[in-house]
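Colleague: I need the structure of the sequence given here:
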Amino acid sequence: MVYCDYPRKQGKADGMRKLKATVKTDAAYQAHAKAIGYLVAHVERGDLAPQFVPHFSTWVNGKWEDYRDGIPVPARTATGKPFAPE
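Modeller: Have a look, this model is predicted:
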């Protein structure tokens, strides 16, 4: 089950309801599982603090797509420095 691997254990009920309604194929399920693997790697390497991992319901509602193809690259400014909001 996808939720077992998810690093933040909040938003389960809403997330599972949405997952059941939207994920109809094995390929879609595998895409979610792969994206969670990328998220876990992002947290484990220290680039994403655990408190910034979205609730599972937020993840299923579309945030997972940010991790579909791997760990997202941080935004950069014109000078090439990582973007940091002020």
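Colleague: from here on, just use CA atoms for contacts and neighbour counts.
Modeller: Fine.
Colleague: what kind of secondary structure is the spatially most central residue of the chain in?
Modeller: In the chain, the residue lying closest to the centroid (CA atoms, centre = their mean) is residue 64, at 4.2 Å. What DSSP: H, G, I helix; E, B strand; the rest coil gives for residue 64 is helix.
Colleague: I'd say it and residue 36 touch.
Modeller: Yes. With contacts counted by CA atoms under 8 Å, residue 64 reaches residue 36, the gap being 7.4 Å.
Colleague: number of residues surrounding the residue nearest to residue 50 when sequence neighbours are not counted?
Modeller: Leaving aside its chain neighbours, residue 50 sits nearest to residue 43 (6.5 Å; criterion: CA to CA, 6 or more residues apart in numbering). Residues contacting residue 43 under the criterion other CA atoms under 10 Å number 16.
Colleague: quick check: pLDDT value at residue 43.
Modeller: As predicted, residue 43 sits at a pLDDT of 91.
Colleague: secondary structure class for it?
Modeller: Using three-state DSSP, the secondary structure recorded for residue 43 is helix.
Colleague: and it, how far is that from residue 61?
Modeller: 20 Å (CA to CA, to the nearest Å).
Colleague: and for residue 68?
Modeller: Here the criterion is CA to CA. By it, residue 68 lies 13 Å from residue 61.
Colleague: neighbour count: the two, which is higher?
Modeller: residue 68 (18 against 14).
Colleague: find the nearest non-adjacent residue to the residue nearest to the centre of the chain, please.
Modeller: Residue 64's closest residue in space is residue 35 (CA to CA, 6+ apart), at 6.2 Å.
Colleague: test my guess that that neighbour contacts residue 62.
Modeller: No. Using CA under 8 Å as the test, residue 35 is too far from residue 62 to be in contact (11.3 Å).
Colleague: same drill for the two, tell me which one is more crowded.
Modeller: residue 35 (22 against 9).
Colleague: what about the more buried one, which SS state?
Modeller: Taking three-state DSSP, the label given to residue 35 is helix.
Colleague: for residue 28, same thing?
Modeller: Applying three-state DSSP: residue 28 is helix.
Colleague: ok, now which ones touch it?
Modeller: Contacts for residue 28 were tallied using CA atoms under 8 Å, 6 or more residues apart in numbering; there are none.
Colleague: thanks a lot, see you next time.
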